[in-house]
Structure formats: structure tokens, C-alpha cells
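Chemist: Give me coordinates for this.
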Amino acid sequence: MTANERKGLTRRALLARSVAAGALAVTGAGFIAAPDAAWALEVSVISEHEMATLLQMARDIYPHDRLADQYYAVAVKGYDAEDRKAMVAEGVAALDAAAQAAGQADYVSTGWEEDRVKLLQAMEDTPFFQTVRGGLVTGLYNQKEVWPLFGYEGESFSKGGYIARGFDDINWL
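Modeler: A predicted model of the protein is given here:
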């Protein structure tokens, strides 16, 4: 290794790579972690690639820039189940095949959101897509931690209803 090649690897980068490699060795297969280590998701039935594909699908179907990946991970965690293993494997394989036909390595590594959305639109009538899309409606938007990010205060019955709590706060009429 020449002096110029060594310049590219700082002490901080070396430590970060070492920690990442060590974490991978400790956790082993079946573990997906956020790049910022804010959350992690362990898979036991489906593969990491299939879970990563489901996470990317969720982001592409319901894109919200202000939602962190952890909320999408919670929404798709239910697909890591024996009764859904075959459906997920077939659906991800079909999605990856469509991405490869478009010149990409697979769906997840398709760089542009627009290209991924086209791939999803081509398979939107399949049972796999409809199952994932339908599950995301409740899996993503029924998380109480997400509600404040959208300005939703939750149910109002226990707080006296909507009439007494802002129903008539419209100041633009």
C-alpha cells in the first residue's frame, strides 16, 4: 500500500469499518441495522434481501421524507412469517427479475425512485403487491408514534370529542 492509498483511510474511517465488521460478526445473518444504528430488525424466516426489498417497497409505495426507516420496518415486520414466506420469496424474485430486465442488479439497488416506482406500477395488479400495499395502510399509519408527525392527535372520544377540541378552529372561513 502506497502513502497515497493510506491517506484515503483515516483513523475514524478505520474504526467505523472495524465496528461495523465486528457488529456483523456478532449479530450474524438475519439482521438488518440502520446506517445510523438507531434501530435494527432481525429476520428469522425470510432473507435479509427480501426484508430490505420490502422496506424499499414500503418507502416507494408510501413515501414520506419525514418518516424514519424504523417506522417502515415495523410496518413490514409481519411479513417475516412462515405463512408469508412463499409469497414474499416469489414477489421479491419477480420484482428483482423486472429490475434485471431493466438493466439493474435488483430492485433495492435501482438507484432512482422513479425507476423503482415504474417497476412497482408494472406489478401493481399482482396479489403480492396488493397484499403489501394493503398491509402498509394499517401497518404504517396505525403506529401511534407516527401520528404526531402527521399532525394527528389520535382519537378524541376520551378527551371530550371533536366539538369541544378544535372542531371549529377554522380561522380561514
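Chemist: What residue, apart from its backbone neighbours, is nearest the most centrally placed residue in the chain spatially?
Modeler: Centroid-nearest residue in the chain: residue 55, 2.7 Å away (criterion: Cα atoms, centre = their mean). Nearest residue to residue 55 in three dimensions, chain neighbours excluded: residue 72, at 5.5 Å (Cβ to Cβ, 6 or more residues apart in numbering). C-betas here are computed from N, CA, C, even on glycine.
Chemist: what about that neighbour, which SS state?
Modeler: The three-state assignment at residue 72 reads helix, by DSSP: H, G, I helix; E, B strand; the rest coil.
Chemist: That one and residue 135 touch, don't they?
Modeler: No. Residue 72 is beyond contact range of residue 135, at 11.7 Å (criterion: Cβ atoms under 8 Å).
Chemist: higher neighbour count, the two?
Modeler: Set residue 72 next to residue 135 and count neighbours by other Cβ atoms under 10 Å: residue 72 wins out with 23 against 17.
Chemist: neighbours of residue 66, just the number please.
Modeler: 7.
Chemist: okay but it is in contact with residue 148, surely?
Modeler: No. Contact criterion Cβ under 8 Å: residue 66 and residue 148 do not qualify, at 10.8 Å.
Chemist: so what's the residue nearest to the centre of the chain up against?
Modeler: Listed by Cβ atoms under 8 Å, 6 or more residues apart in numbering, the contact partners of residue 55 are 32, 69, 72-73, 76.
Chemist: per-residue pLDDT, it?
Modeler: We note a pLDDT of 94 for residue 55 in this prediction.
Chemist: Show me how far the host helix or strand of it is from its chain's centre.
Modeler: Following DSSP states H and E, one finds residue 55 within helix 48-61. Remark: helix 48-61 is offset 5 Å from the chain centroid, using Cα atoms, centre = their mean, to the nearest Å.
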